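Visitor: Below is the structure, and that's it, no one-letter string:
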């Protein structure tokens, strides 16, 4: 069963603009993670946010978590062409972190 | 260099043949995972292992088998029972459960 679902499915912006991607999930969670995947490559971990946290920052990345709405957002500020990739959220659902369930991803294109 | 490797990068097999995908890590991680990714989709968990000599089925284990005889290695066999094996296969590891996963570069399997 799919736990997380990203929105939008695809996003195209100009270099320098901000990009916002959203993730909605169904069951309660302990942790939510965001990953990035360049085409045809493995995933790279970006940020982990715990259920008792509301916001985390890492460089140009800002992640928020609203457990009451069962949603998270990933904001990439001042985007660059190199940010072009697919972004996935992953949630641990009710299995206490034994494994994570990945959403279908948002494909971000940053145009120079 | 510490990391997680998968081989081969591309693999072609005839229908009806079993094939084994390699995954090795030198990160001293206890947990290892196998995911399947189809074009434009997210990752689906095939099998995971939290410790040597133990592994659990994921969401789509049918037609696949794994072993975990060594901490560093978690090979995946795609058997002839797997109805639609052509996909991109990703291996990951983590120091424990519920935390970030490190991914290998993936193996693209094409069954002719």
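Guide: Done, it's in. As the structure is a computational prediction, the values presented were derived from the model and not from experiment.
Visitor: Please report the distance of the spatially most central residue of chain B from residue B:16.
Guide: Nearest residue to the geometric centre of chain B (Cα atoms, centre = their mean): residue B:34, 3.1 Å. Residue B:34 sits 21 Å away from residue B:16, taking Cβ to Cβ, to the nearest Å as the criterion. For every residue, glycine as well, the C-beta is placed using N, CA and C.
Visitor: per-residue pLDDT, residue 92?
Guide: Answering for chain A, as no chain was given. At residue A:92, the model reports a pLDDT of 84.
Visitor: try again with chain B
Guide: So, for residue B:92, pLDDT stands at 95.
Visitor: Quick check, residue A:23 in contact with residue A:33.
Guide: No: here residue A:23 lies out of contact with residue A:33, judged by Cβ atoms under 8 Å, at a distance of 9.9 Å.
Visitor: what do those two both touch?
Guide: Shared contacts of residue A:23 and residue A:33, defined by Cβ atoms under 8 Å, 6 or more residues apart in numbering or on different chains, are found at A:89, A:91.
Visitor: what sits against the residue lying closest to residue B:17 once chain neighbours are set aside?
Guide: Sequence neighbours aside, residue B:80 is the residue nearest to residue B:17 in space, at 6.6 Å (criterion: Cβ to Cβ, 6 or more residues apart in numbering or on different chains). By Cβ under 8 Å, 6+ apart, the residues touching residue B:80 are B:15, B:16, B:17, B:18.
Visitor: what do you get if the cut-off is 7 Å, keeping everything else the same?
Guide: B:16, B:17, B:18 (Cβ atoms under 7 Å, 6 or more residues apart in numbering or on different chains).
Visitor: Against residue B:90, how distant is it?
Guide: From residue B:80 to residue B:90 the distance is 22 Å (Cβ to Cβ).
Visitor: Just the pLDDT at residue B:16, thanks.
Guide: 89.
Visitor: ok now do it, which residues does it touch?
Guide: residue B:80.
Visitor: Phi first, then psi, for it.
Guide: phi 90, psi -10 (degrees, to the nearest 10).
Visitor: Kindly provide the distance from it to residue B:84.
Guide: Applying Cβ to Cβ, the value for residue B:16 to residue B:84 is 13 Å.
Visitor: Repeat that for residue B:12.
Guide: Residue B:12 is 15 Å from residue B:84, where distance means Cβ to Cβ.
Visitor: Give me the residue ranges of chain B where confidence is low.
Guide: Along chain B, the model assigns pLDDT under 70 to residues B:1-2.
Visitor: Helix, strand, or coil at the residue in it positioned nearest to chain A?
Guide: Nearest residue of chain B to chain A: residue B:98, at 2.3 Å (Cβ to the nearest Cβ). Here residue B:98 is recorded as coil under DSSP: H, G, I helix; E, B strand; the rest coil.
Visitor: repeat for residue A:12
Guide: Residue A:12 is classified as strand under three-state DSSP.
Visitor: which bits of chain A sit near chain B?
Guide: Within chain A, the residues that sit near chain B (Cβ under 7 Å from any Cβ of the partner chain) are A:30-31, A:33, A:41-43, A:45, A:48, A:88, A:92, A:96-99, A:102-105.
Visitor: Backbone dihedrals for the residue of chain B closest to chain A, both of them.
Guide: Per degrees, to the nearest 10, the backbone of residue B:98 is at phi 80, psi 10.
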